[in-house]
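> Provided below for reference: sequence and predicted model.
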Number of protein chains: 2
Amino acid sequence: MSKTIYDIAKAAGVSIATVSRVFNQAENVKPQTRKKVLKVAEEMGYHPHVYAQGLASKKKNRILMLAPVMSNYFFTEVLRGIQDSLAEENFELNIVNIGRKKDAFKQVSETLKKRWAEGYLLVSLHFSDKELKTLSRYDTPLCLVDDFSNLFDSVSFNNEEGAFMATDYFLKKGYKRIAVLSADATSIPIRDRIAGYKRALSEHDIPFDEKLIVVGDNMERDGFTELSGYQAMNKIIAMDPLPDAVFCTSDTKAVGAKKALEEQKVHIPIISFDNLTIAEYIGLSTVNQPMYDMGFRATNKLIQRLHNPELRISNEVHYPELVIRSSSEKLNEVIT
Amino acid sequence: MSKTIYDIAKAAGVSIATVSRVFNQAENVKPQTRKKVLKVAEEMGYHPHVYAQGLASKKKNRILMLAPVMSNYFFTEVLRGIQDSLAEENFELNIVNIGRKKDAFKQVSETLKKRWAEGYLLVSLHFSDKELKTLSRYDTPLCLVDDFSNLFDSVSFNNEEGAFMATDYFLKKGYKRIAVLSADATSIPIRDRIAGYKRALSEHDIPFDEKLIVVGDNMERDGFTELSGYQAMNKIIAMDPLPDAVFCTSDTKAVGAKKALEEQKVHIPIISFDNLTIAEYIGLSTVNQPMYDMGFRATNKLIQRLHNPELRISNEVHYPELVIRSSSEKLNEVIT
DNA sequence: CTGAAAGCGCTTACAG
DNA sequence: CTGAAAGCGCTTACAG
């Protein structure tokens, strides 16, 4: 059915080696010959079979991005950075979605083992040291995005500092009781953000009160959903006395939280986390994560390692930035 | 460096055929032998090379989804449907992002030619009849999602009817001047939605007024962005007299539009399009597109065709549903 | 500039 | 239940 290099060689009256050279941009082919091969190939609808090429050449010119795609905007922004960084390079990008958290490690390790690509980008995937050590044994070029390890190159984000900045902002305004609209406490980003929250409290000599850490009931996507934010905010609104302010652990959750506040006609200053595009449009104060940059930089790192496998492992940590809009301010400040 | 089937065969004291059988779940291997091979493979960190497997077996067990990933939520929902549909099947899914619109066709055709997978899902990619005819010559199993053609299986959505329903809703309330917050007029979804809008007008004997079709200045992503919605709504607010209502062509645009309305303290009833998760949380009336179902159904279709290539081409069209929340209602109705 | 030939790492009838 | 061997569709020294 589909043509092979032999069909083209025969039809063009050359050897398969010559056809191969034409398709591999080799310089040493007589222009006449090249033209003829190209013409025949076009007519017969020929295109090299990537599997055979990969096998024979041991090159794939392919990078695989492994990510929990469902995490939406975050993923999209990182992807933009990756693609822009790849634009100049002779690499193609494939994406494999890593599904429900449970067997994420298995999904990733199985994919790596298959040697689809020469380099891998692991985005927002958090594994234990033991798991990462297992991965490192595959000895394949790999860069972590939004996670940190000294076994691999990584481009991560200082979650702890981001949470500190948000909490510190409120504390400096004189607020004492600051609730955290949290998510799955065992997840790495939450762990780090809670740590930053605690550090800010301690710097201001405010005792930590566990009851102020509030989680929604829905735990889909580790609780990083609108619904979970909505549920958690309703719990906060039911507290007596009301907290002075809320540090919300993601913009997505904040969308749900805002709905709860509006329904109950309550106003509590709120700062969240991520700075998704939507944050600007709903007046959300938030901690900016440079997702695009992280994707871009990680891809650069990976490609450098591809060119030079002996490079020392390098870890890059991006710094947060607090973006203040209306949601963190008092109601009268908002209205004016 | 990395082990081959020969290494394992030698270490286990069997032939490579036997190793191959073990890894292909063939039944006819003595349990003892299987155990031994598996043990050796585990120790040596062996895994079959997919490229070699694909080449030798002519099977890939792989489906490729081609989509403009940047379109965010829509893509995510469709992907969820695809993955759920694939869960029971012995297929893996890879995703290739199709970048800026300009050379989308080239990107797609190049990817198809490489024969990565045995089946392809083309999501939200709109090509001309001529282009689709070219693709059909590759003679590869392919299902269109969110597009229609009689050359391929497809699962699409009735955009025209959706726009009709939204417009009709306003007209039945007695509104006469209904603006359209539009996007790139040459894009297929916009073309169909404008058609539905016009049909509703004509059924109510309202003349079409071109000035009521308003577009933002920013044309990124064909104008389906918050920014573009914000810009367009500001233009609408500047109109004199103000339109009675606005049909907005996407939820994303509606987020920007709402910001403009709030800033200018103007209220105009608005219905948008998509029913993204966020719509529920910001009280947006909108036309629901069953994105999850479309992804799910399209994947089923594709797999059926893989099993039976002689199947007649089938086109499935999903029907819209109007979801009324607060944004389409009068201000006093909203407040109560 | 071009061709013959070995090899990439597998699968799969075929034979036993 | 197992092995020897041909073949999948390419690339790439090597020789000319």
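Nice, I can see it.

> Can you give me the distance of the residue of the stretch 51-200 of chain A found nearest DNA strand D to B:Arg115?
Closest to DNA strand D within the stretch 51-200 of chain A is A:Ala56: 2.9 Å, counting by CB to the nearest atom of the strand. Heads up, the C-betas are built off the backbone N, CA and C, glycines and all. A:Ala56 sits 15 Å away from B:Arg115, going by CB to CB, to the nearest Å.

> related to what we said a few turns ago, for the helix or strand encompassing the residue of the stretch 51-200 of chain A closest to DNA strand D, which residues meet the burial criterion?
Taking DSSP states H and E as the definition, A:Ala56 sits inside helix A:50-57. Neighbour counts over helix A:50-57 (16 or more other CB atoms under 10 Å in any protein chain shown) mark A:50-55 as buried.

> same check, this time on stretch A:113-125
For stretch A:113-125, by 16+ other CB under 10 Å, it's A:113-125.

> ok, now stretch A:264-283?
Under 16+ other CB under 10 Å, the buried positions of stretch A:264-283 are A:268-283.

> Mind picking the two most distant members of the residues you listed?
A:Ile268 and A:Thr277 (23.9 Å; CB to CB).

> circling back to that earlier point, please list which of the buried residues of stretch A:264-283 also come close to DNA strand D.
With the criterion set as CB under 7 Å from any atom of the strand, no member of those is near DNA strand D.

> Could you list which of these belong to strands?
Among these, the members falling in strands (DSSP state E) are A:270-274.

> Near chain B, which residues of the stretch 1-150 of chain A are found?
Proximity of the stretch 1-150 of chain A to chain B, by CB under 8 Å from any CB of the partner chain, involves residues A:1-2, A:45, A:47-52, A:54-55, A:60, A:69-70, A:72-73, A:76, A:79-80, A:83, A:92-97, A:99, A:113-116, A:137-139.

> just checking, which of those residues belong to helices?
A:50-52, A:54-55, A:73, A:76, A:79-80, A:83, A:113, A:137 (DSSP state H).

> a markdown table please, covering those and showing pLDDT.
As requested, these are exported to a markdown table (pLDDT from 0 to 100):
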| residue | pLDDT |
| --- | --- |
| A:Val50 | 88 |
| A:Tyr51 | 90 |
| A:Ala52 | 92 |
| A:Gly54 | 89 |
| A:Leu55 | 91 |
| A:Tyr73 | 74 |
| A:Thr76 | 83 |
| A:Leu79 | 88 |
| A:Arg80 | 87 |
| A:Gln83 | 89 |
| A:Lys113 | 84 |
| A:Arg137 | 84 |
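
> Helix or strand: which one has A:Leu121?
According to DSSP H and E, A:Leu121 maps onto strand A:119-123.

> Name the residues that touch that strand?
For strand A:119-123, the external contacting residues (CB atoms under 8 Å, 6 or more residues apart in numbering or on different chains) are A:63-68, A:75, A:78, A:82, A:91, A:108, A:112, A:140-147, A:295, A:298-299, A:302-303, A:305-306.

> near DNA strand D, from those?
Checked against DNA strand D using CB under 7 Å from any atom of the strand, those yield no neighbours at all.

> pLDDT score assigned to A:Val214?
A:Val214 is assigned a pLDDT of 98 by the prediction.

> likewise A:Ser109?
Among the per-residue scores, A:Ser109 shows a pLDDT of 90.

> what about it, how many residues close to it?
Using other CB atoms under 10 Å in any protein chain shown, A:Ser109 has 18 other residues around it.

> Now do the SS call for it.
For A:Ser109, the assignment made with DSSP: H, G, I helix; E, B strand; the rest coil gives helix.

> for the stretch 151-300 of chain A, what spans make up the strands?
Along the stretch 151-300 of chain A, counting by DSSP state E, counting those that start in this stretch, strands occupy A:153-157, A:178-182, A:213-215, A:245-248, A:270-274, A:285-288.

> who's A:Ser272 bridged to?
When assigned by DSSP bridges, A:Ser272 has beta-bridge partners A:Thr286.

> I misspoke; the intended subject was A:Phe157.
A:His318.

> show me the contacts for it.
Going by CB under 8 Å, 6+ apart, A:Phe157 touches A:146, A:289-290, A:294, A:317-318, A:320.

> Just want to check the distance between it and A:Arg297.
Between A:Phe157 and A:Arg297 the distance, using CB to CB, works out to 11 Å.

> And the residue of the stretch 101-250 of chain A closest to DNA strand C?
Taking CB to the nearest atom of the strand, DNA strand C has its nearest neighbour within the stretch 101-250 of chain A at A:Arg115, 8.5 Å off.

> Tell me, what's the model's pLDDT at that residue?
Note on A:Arg115: pLDDT of 83.

> which residues touch it?
Counting by CB under 8 Å, 6+ apart, A:Arg115 touches A:140, B:2, B:47, B:49-51.

> A:Lys211 and chain B: what is the separation?
Using CB to the nearest CB, to the nearest Å, A:Lys211 is found at 26 Å from chain B.

> I'd like to know which of the buried residues of stretch A:264-283 is nearest to DNA strand D.
Minimum distance to DNA strand D across the buried residues of stretch A:264-283 is 41.8 Å, recorded for A:Thr277 (CB to the nearest atom of the strand).

> which residue sits closest to the closest one in space, ignoring its chain neighbours?
Nearest residue to A:Thr277 in three dimensions, chain neighbours excluded: B:Glu226, at 5.9 Å (CB to CB, 6 or more residues apart in numbering or on different chains).

> what's the burial count for that neighbour?
So B:Glu226, with other CB under 10 Å, has 24 neighbours.

> tell me the contacts of it?
Going by CB under 8 Å, 6+ apart, B:Glu226 touches A:277-278, A:280-281, B:252-253, B:255-256, B:259.

> okay if I get those residues as JSON lines plus pLDDT?
Below are the contacts of B:Glu226 laid out as JSON lines (pLDDT from 0 to 100):
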{"residue": "A:Thr277", "pLDDT": "90"}
{"residue": "A:Ile278", "pLDDT": "93"}
{"residue": "A:Glu280", "pLDDT": "96"}
{"residue": "A:Tyr281", "pLDDT": "97"}
{"residue": "B:Thr252", "pLDDT": "94"}
{"residue": "B:Lys253", "pLDDT": "96"}
{"residue": "B:Val255", "pLDDT": "97"}
{"residue": "B:Gly256", "pLDDT": "97"}
{"residue": "B:Lys259", "pLDDT": "97"}
